[in-house]
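Engineer: the sequence and its predicted three-dimensional model are supplied below.
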Amino acid sequence: MAKWLVKSEPNVWSWDDQVKKGTESWDGVRSAQALNNMREMKAGDSVFFYHSNKGLEIVGICSVAKEFYDDPGDPKSGLVDLKTERPLPRPVTLKEIKADGRFDDLALVRQSRLSVMPVTDEHWDALMTMAETNEG
C-alpha cells in the first residue's frame, strides 16, 4: 500500500471538519502534479492530513475510501474520497520536519505548494515515531 500526504487550509477544511464528516471527497485540486498523485491513490492507502497555511502540522490519518473519479463540478479537477481513521498522538510540525535531516527529500519540504504528495514508507515510519513522542 502506498502512503500519501494531503494539505488543507484549516479555515477551508480542517481535521475537525474531516472527523465530523467521516468520509468526504477531497476536492479543489487543480495542480497537474497533485492530480496525477491523486490518480495513483488506491483504496486502502494511508494518508496524512496536514494543516497548511495556519498550523503547519500533520494532525491526523485518513485512508483512501474511493479512488480517483471526475469532479462533476469542475472538469479540470478530480476527486478521491478520504475516510477519517485517527488523529496523531500529537501533531508533527513543519518546523520539526525541516529540522530533521531525514526529510530533506520529502515533497513537503522540497515542494511547499504541492497539495497531494507521496510519502515513502521510511518517511511515514519516521513521522509516526515523531508523533508518538512527547518532544516537539
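Structural biologist: Right, received. Where do you want to start?
Engineer: hey, where'd the strands end up in this protein?
Structural biologist: With strands called from DSSP state E, the chain shows them at 3-8, 23-26, 46-51, 57-70, 78-93, 116-119.
Engineer: now mean neighbour count and distance to residue 39 too, for the ones you listed, in JSON lines please.
Structural biologist: Where you see a C-beta, it was placed from the backbone N, CA and C, and this is true even at glycine. As requested, the strands of the chain are exported to JSON lines (neighbours: other Cβ atoms under 10 Å; distance: least, Cβ to Cβ, whole Å):
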{"stretch": "strand 3-8", "mean neighbour count": "21", "distance to residue 39": "12"}
{"stretch": "strand 23-26", "mean neighbour count": "18", "distance to residue 39": "12"}
{"stretch": "strand 46-51", "mean neighbour count": "23", "distance to residue 39": "14"}
{"stretch": "strand 57-70", "mean neighbour count": "19", "distance to residue 39": "5"}
{"stretch": "strand 78-93", "mean neighbour count": "18", "distance to residue 39": "7"}
{"stretch": "strand 116-119", "mean neighbour count": "20", "distance to residue 39": "10"}
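Engineer: count the neighbours of the closest residue to residue 103 other than its chain neighbours for me.
Structural biologist: Distances taken as Cβ to Cβ, 6 or more residues apart in numbering place residue 97 nearest to residue 103, at 4.9 Å, with adjacent residues excluded. Close neighbours of residue 97, defined as other Cβ atoms under 10 Å, add up to 22.
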